[in-house]
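S.K.: coords please:
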Amino acid sequence: MEKQDIAVQYFAEGMHCSQAVLSAYAKECGITEEMAMRLGSCFGSGMRKGEVCGACTGALMVLGLLFGEKRTGDPETRKRSNRINEMMMERFAEANGTYICNDLLGYDISTPEGAQEARAKGLFKEFCPKMVASAVEVLEKMIEELQES
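M.R.: Numbers count the residues shown, from 1 in each chain. As a prediction, this is how the structure comes out:
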């Protein structure tokens, strides 16, 4: 099964978008699925405030675990981590128009009314899986590029 399918399946089973993306890569990241679920649990729905899409955040966690800064006092790995972060955010926005959850959904889900409207429109079940798939697609390309460099 492809990572994209795994992440979308996890989301369909009830994981937050952030958990779904990170959990699909748990083994590669050297963590357990439980650790991935716990780590990603507070980042879904743009940290419950409609901020940075949780699927994008989950992808950033994967990139950090695979390629991120490992120790203090190493400006080169800091620069690389910052560049990787920027690449992910830019590419996700290029693919989807933005990386802000509220803008993607078209509702302010930080409010009960906005969250209810998004739920009533079926966005969490129909639209959000597309964002999970998109985040993994961007992530897969970045991992491939970064492993080659």
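
S.K.: quick one: neighbours of residue 58, just the number.
M.R.: 32 (other C-beta atoms under 10 Å). (Each C-beta comes from the backbone N, C-alpha and C, glycine too.)

S.K.: which ones are touching residue 87?
M.R.: residue 142 (C-beta atoms under 8 Å, 6 or more residues apart in numbering).

S.K.: roughly how far does it sit from residue 126?
M.R.: Shown here: residue 87 relative to residue 126, a distance of 28 Å by C-beta to C-beta, to the nearest Å.

S.K.: residue 105 too?
M.R.: Taken as C-beta to C-beta, the span from residue 105 to residue 126 is 11 Å.

S.K.: these two: which is more packed in?
M.R.: The residue with more neighbours, out of residue 105 and residue 126, is residue 105; 23 against 9, by other C-beta under 10 Å.

S.K.: do I have it right that that one meets residue 118?
M.R.: Yes. Using C-beta atoms under 8 Å, residue 105 is in contact with residue 118, at 5.1 Å.

S.K.: quick one: the helices in the protein, in order.
M.R.: For the chain, the helices defined by DSSP state H occupy 3-12, 17-24, 26-29, 33-40, 44-45, 54-67, 75-96, 101-105, 112-120, 123-126, 128-148.

S.K.: possible to save these as JSON lines with mean pLDDT?
M.R.: As requested, these are exported to JSON lines (pLDDT from 0 to 100):
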{"stretch": "helix 3-12", "mean pLDDT": "98"}
{"stretch": "helix 17-24", "mean pLDDT": "98"}
{"stretch": "helix 26-29", "mean pLDDT": "97"}
{"stretch": "helix 33-40", "mean pLDDT": "97"}
{"stretch": "helix 44-45", "mean pLDDT": "95"}
{"stretch": "helix 54-67", "mean pLDDT": "98"}
{"stretch": "helix 75-96", "mean pLDDT": "96"}
{"stretch": "helix 101-105", "mean pLDDT": "98"}
{"stretch": "helix 112-120", "mean pLDDT": "97"}
{"stretch": "helix 123-126", "mean pLDDT": "97"}
{"stretch": "helix 128-148", "mean pLDDT": "97"}
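
S.K.: contacting residues around residue 18?
M.R.: By C-beta under 8 Å, 6+ apart, the neighbours of residue 18 are 40, 41, 43, 44, 54, 55, 57, 58, 61.
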